[in-house]
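Trainee: Please find the sequence and the predicted model below.
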Amino acid sequence: MHIQNRNAQTTIGQPILHQHGQEIQQYGTLRELPIALDATARSQSCELLNQILADSIILYSLYKKHHWLMRGGTFYQLHLLLDKHADEQLKLIDLLGERVQTLGGVAIADPRHVAEVTKIDRPPNGVEAVPVMLSRLLEAHESIVGEVRESIAKTASNRDDGTNDLLMGDVLRTHEQQVWFLAEHLVDTPLVRS
């Protein structure tokens, strides 16, 4: 049995490649889902979440970049720590994207779109000194934590309890702990004398 494709005959089981179509939901729009939360609240939450998501994707990339570029006497410890933090950010990215979809929105995902939306400053393409890389990560965290705190207040007032719980229980606490771990590496402590 054969199926007629545009340009050639193919057999059943053969993937139909090079398909094109129109966008079925535009970014910034909502689908109606029966979750007992009005469209205005869902729309605002999607906008807030997508900003945090875009910045989190950039933070994840910074963690991977700095993980690869670590140098010096603390290379091994920082190499492992930054990779651990990157993995934790990747989990948050998935939770944030899935929450946008749960609300009926469209999660930001394309790196080119993320680059247009992010509030995180772009680092140089090359290697920076280790303290500068750690400071850059801390500044990115601080920016995201500020957005998260504002979003917690707004989602609480909108009664979007699911988003509020995600932001307080997962996102904020993860960022706060990662900030603590990074900041301790910037304390100037003598190693062999007190």
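Mentor: Here it is on my side, so go on. Numbering: from 1, shown residues only.

Trainee: from the middle of its chain, how far away would whichever helix in the chain runs longest be?
Mentor: When the chain is parsed with DSSP state H, its longest helix is helix 39-69. Relative to its chain's centre, helix 39-69 lies at 3 Å (CA atoms, centre = their mean, to the nearest Å).

Trainee: what's the answer for stretch 59-72, then?
Mentor: For stretch 59-72, the separation from the chain centroid amounts to 16 Å (computed by CA atoms, centre = their mean).

Trainee: That stretch - what's its average pLDDT?
Mentor: Average pLDDT, stretch 59-72: 96.

Trainee: List the buried residues for stretch 46-55?
Mentor: Within stretch 46-55, the residues that count as buried by 16 or more other CB atoms under 10 Å are C46, L48, L49, N50, Q51, I52, L53, A54, D55. The way it works is simple: take the backbone N, C-alpha and C, and place the C-beta from them, glycine included.

Trainee: who's in contact with the last one?
Mentor: So that's D55. By CB atoms under 8 Å, 6 or more residues apart in numbering, D55 lies in contact with T118, K119, I120, A140, S143, I144, E147.

Trainee: ok, now how distant is it from E184?
Mentor: 23 Å (CB to CB, to the nearest Å).

Trainee: rewinding a little: may I ask which of the contacts of D55 has the most neighbours?
Mentor: With neighbours taken as other CB atoms under 10 Å, the top of the contacts of D55 is I144, carrying 25 neighbours.
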